[in-house]
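*Asks:* quick one: sequence plus predicted model below, questions after.
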Amino acid sequence: MRLLVLLISPTMLRSYRKTLAGRTEIRDRALALSRTARNLLLIIEPSQPAEHWLGMLLGANEADLFALQQSGLIEPLPDRSAGADNNALVGTALSYTELYDSLNGLIREQLGLFKGFRFSLDIEKASGLPELTEVARHFVETVHEQRGAAAAQMVARALGFRA
């Protein structure tokens with residue numbers, strides 16, 4: 001019996017998000033990207049690590065990921081486990097009820113009813129303040145991806161987060 005060992009680089013285990021330039025490139029198609037790089041830009045999102053998205057596209061590899069990152073079209077998510085991110089949300093000053101009400105109001109305001117529906121379900125699933133706080137952190141990240149850093153900072157303050 002032979003054992004196959006695969007080496008996966010740390011880059012492949014990280015999650016990436018589109019930058020504003022990446023979202024603009026999807027709309028404008030101004031850069032001369034390879035077909036696999038453009039398809040990767042279309043599907044990549046922070047919910048899964050890079051290896052997941054590369055595995056979905058025939059012919060896509062780490063070079064395509066690197067090209068997107070070098071072009072400023074995607075960026076790695078901060079590594080929360082290392083605790084090195086100075087912009088990490090430390091904790092909320094709100095109670096469960098205050099956070100629940102604020103999240104429900106901000107979701108509609110920032111994402112609209114259709115895009116915010118998933119967050120509404122996550123809010124209802126949260127059984128306590130720690131779980132609801134995680135939903136709120138994820139919401140702030142999504143607002144950052146969809147609407148930019150200024151909107152995310154405003155949402156984080158409204159949810160009682162401090163950096």
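*Replies:* Nice, thanks for sending it over. Note that the structure is predicted; figures quoted are calculated from it, not measured.
*Asks:* centroid-nearest residue for the protein?
*Replies:* Pro46 (3.8 Å; C-alpha atoms, centre = their mean).
*Asks:* phi and psi next, for that residue.
*Replies:* Torsion angles at Pro46 (phi, psi; degrees, to the nearest 10) stand at phi -70, psi -10.
*Asks:* got it, and Thr92?
*Replies:* phi -100, psi 150.
*Asks:* that one contacts Ala136, correct?
*Replies:* Yes. With contact defined as C-beta atoms under 8 Å, Thr92 counts as touching Ala136 (6.5 Å). Glycine gets a C-beta too; all of them are placed from N, C-alpha and C.
*Asks:* so between these two, which is more surrounded?
*Replies:* Ala136 (29 against 20; other C-beta atoms under 10 Å).
*Asks:* picking that back up, find the residues that touch each one of Thr92 and Ala136.
*Replies:* Leu99, Leu159, Phe161 (C-beta atoms under 8 Å, 6 or more residues apart in numbering).
*Asks:* ok, for the second one, nearest residue in space, not its chain neighbours?
*Replies:* Pointing back at Leu159 there. Once flanking residues are discounted, Leu159 sits nearest to Ala136: 5.0 Å by C-beta to C-beta, 6 or more residues apart in numbering.
*Asks:* how about the one you found, what does it touch?
*Replies:* When the contact criterion is C-beta under 8 Å, 6+ apart, the partners of Ala136 are Thr92, Leu99, Leu103, Leu159, Phe161.
*Asks:* cool, His144 as well?
*Replies:* His144 touches Arg17, Ala151, Ala152, counting by C-beta under 8 Å, 6+ apart.
*Asks:* re the thing from before, okay, the residue nearest to the centre of the chain and Leu33: tell me how far apart.
*Replies:* Distance of Pro46 to Leu33, given as C-beta to C-beta, to the nearest Å: 20 Å.
*Asks:* helix or strand right after the helix or strand bottoming out on mean pLDDT in the chain?
*Replies:* Within the chain, no helix or strand scores below helix 10-13, which has a mean of 66 by mean pLDDT, DSSP states H and E. Note on helix 10-13: by DSSP states H and E, the next helix or strand toward the C-terminus is strand 16-18.
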